[in-house]
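>>> Give me a 3D structure for the following:
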Amino acid sequence: MFNSRRALKSTVILAALFVVSQASAAWVAKGEKSASFKATGPGGLAIVGSSADVRVTDKGDTVAVVVGLGSLNTGIELRDKHMKEKYLETPKFPSATLVVEKSKLKLPSGSADVEGKLTLHGVTKSVKVHYAASGSDKDVSITGSMRINMKEFDVDVPSYLGVTVKPDVDVTVKFGAADK
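This next block holds a predicted model:
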């Protein structure tokens with residue numbers, strides 16, 4: 001009986017150490033990374049843009065995903081210039097950052113809706129992010145998506161020649177991560 005208690009106690013301690021080591025694993029971005037957005041307007045107008053400037057930083061209890069806004073590209077040079085200079089003001093606000101608590105994530109595999117803090121255009125707000133992760137304890141692929149309202153982040157709603165997009169924008173970010 002004494003040996004079974006000792007074995008049970010050892011098993012519980014090992015399990016606890018495993019959970020703690022998983023929760024504190026240090027992740028770094030790897031492989032292809034991308035961020036994209038889709039804004040819609042009247043008559044089926046859809047503006048899609050993307051960037052490969054995505055950085056992921058493990059900050060211990062949180063993970064920060066940073067997207068460089070200066071490299072967003074919609075495929076139309078004049079529209080990109082207006083988006084970056086007039087609306088996003090990228091010289092003043094060069095990036096958008098999403099911070100999520102690691103304890104809320106189901107890694108290496110799982111999907112869920114989690115709350116994060118998004119900083120865009122100098123404004124930080126809580127946002128709901130849906131993500132899906134797949135992989136192993138050492139290597140994981142993550143796709144996250146959210147819908148944001150530009151007005152909530154003090155971004156003027158784009159309008160050109162009388163055509164105005166809706167303030168809600170769909171954003172998707174994809175990246176791989178590996179345990180250091």
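>>> and stretch 92-107, how far apart are its ends?
In stretch 92-107, first residue to last residue: 35 Å (Cα to Cα, to the nearest Å).
>>> What mean pLDDT does that stretch get?
Summarised as a single mean, pLDDT over stretch 92-107 is 94.
>>> how far is it from where the chain is centred?
5 Å (Cα atoms, centre = their mean, to the nearest Å).
>>> Just the buried positions in that stretch, please.
93-94, 96-100, 102, 105, 107 (16 or more other Cβ atoms under 10 Å). No exception for glycine: its C-beta is placed from N, CA and C like everyone else's.
>>> what's the answer for stretch 54-68, then?
Neighbour counts using 16+ other Cβ under 10 Å place 54, 56, 58, 63-68 of stretch 54-68 among the buried residues.
>>> Any idea what residue 160 is bridged to?
For residue 160, the residues forming beta bridges with it (DSSP bridges) are residue 163.
>>> how deep is it tucked in, by neighbour count?
Applying other Cβ atoms under 10 Å, we find 12 residues neighbouring residue 160.
>>> Residue 72 versus that one, what's the distance?
Using Cβ to Cβ, to the nearest Å, we find residue 160 at a distance of 16 Å from residue 72.
>>> Equivalent analysis for residue 44, please.
From residue 44 to residue 72 the distance is 22 Å (Cβ to Cβ).
>>> These two: who's more crowded?
residue 72 (20 against 6).
>>> can you tell me which residues contact that one?
35, 37, 49-51, 80, 83-84, 88 (Cβ atoms under 8 Å, 6 or more residues apart in numbering).
>>> will you turn the residues you listed into a markdown table that also has pLDDT and secondary structure?
What follows is the contacts of residue 72, written out as a markdown table (pLDDT from 0 to 100; DSSP: H, G, I helix; E, B strand; the rest coil):
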| residue | pLDDT | secondary structure |
| --- | --- | --- |
| 35 | 97 | strand |
| 37 | 97 | strand |
| 49 | 97 | strand |
| 50 | 97 | strand |
| 51 | 97 | strand |
| 80 | 96 | helix |
| 83 | 95 | helix |
| 84 | 97 | helix |
| 88 | 97 | coil |
